[in-house]
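*Asks:* give me coordinates for this.
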Amino acid sequence: PCQSCRKPAQYYCADCEWRKGRFLPAFCRPCMSRKHYPGTIYELHSVEKINLGRPGVRIITPIVREVLLVLALYAGWQATGDILDRYNRGRSICLCVDYAREMLAVANAGFFY
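*Replies:* Numbering: from 1, shown residues only. Alright, predicted model coming up:
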């Protein structure tokens, strides 16, 4: 409901503040116009129209988790794919040191030269 007249709210002000739950920054059209009229101190507040209609069609949102899981598994597979090949080639046998050395060389190529 509107904070001034208790009619159904049509607009929401993101900049009007809550005061211990007593002030709801939602207004009907006439109250919003009076409170945020040009020349008042609330003139530059961000007023948004409340949309209670049907939400848009969700196409990407339902599959984002699955796509991220597949990408994370693929990245993990690629990162650890050739550990056995590199295991005996380096001076260090520790995989963490070898991996850190490679990441440092990628990040700063001039570090070793």
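
*Asks:* so where's the longest helix in the protein?
*Replies:* If you go by DSSP state H, the chain has its longest helix at helix 64-80.

*Asks:* now that one: average pLDDT?
*Replies:* Helix 64-80 comes out with an average pLDDT of 86.

*Asks:* from the contact counts, what lies against that helix?
*Replies:* Here helix 64-80 touches no other helix or strand, going by 3 or more C-beta pairs under 8 Å, 6 or more residues apart in numbering; DSSP states H and E. To be clear about C-beta, it is placed using only N, CA and C from the backbone, and glycine gets the same treatment.

*Asks:* just the CA trace of that helix, in CSV.
*Replies:* Coordinates of the C-alpha atoms in helix 64-80 are reproduced here as CSV (Å, rounded to 0.1, in the frame of the first residue of the first chain):
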residue,chain,number,x,y,z
VAL,A,64,23.2,-21.6,-15.9
ARG,A,65,24.0,-24.0,-13.1
GLU,A,66,24.5,-27.0,-15.4
VAL,A,67,26.6,-25.0,-17.9
LEU,A,68,28.8,-23.7,-15.1
LEU,A,69,29.2,-27.3,-13.7
VAL,A,70,30.2,-28.6,-17.1
LEU,A,71,32.7,-25.7,-17.6
ALA,A,72,34.2,-26.3,-14.1
LEU,A,73,34.6,-30.0,-14.8
TYR,A,74,36.2,-29.4,-18.2
ALA,A,75,38.6,-26.8,-16.7
GLY,A,76,39.6,-29.2,-13.9
TRP,A,77,40.1,-32.0,-16.5
GLN,A,78,42.3,-29.8,-18.6
ALA,A,79,44.3,-28.5,-15.6
THR,A,80,45.1,-32.0,-14.4
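
*Asks:* from the chain's centroid, how far away is that helix?
*Replies:* Between the mean C-alpha point of helix 64-80 and the mean C-alpha point of its chain there is a distance of 20 Å (C-alpha atoms, centre = their mean, to the nearest Å).

*Asks:* as a check, name the ranges of all helices in this protein.
*Replies:* Applying DSSP H to the chain gives helices spanning 29-35, 64-80, 83-86, 95-107.
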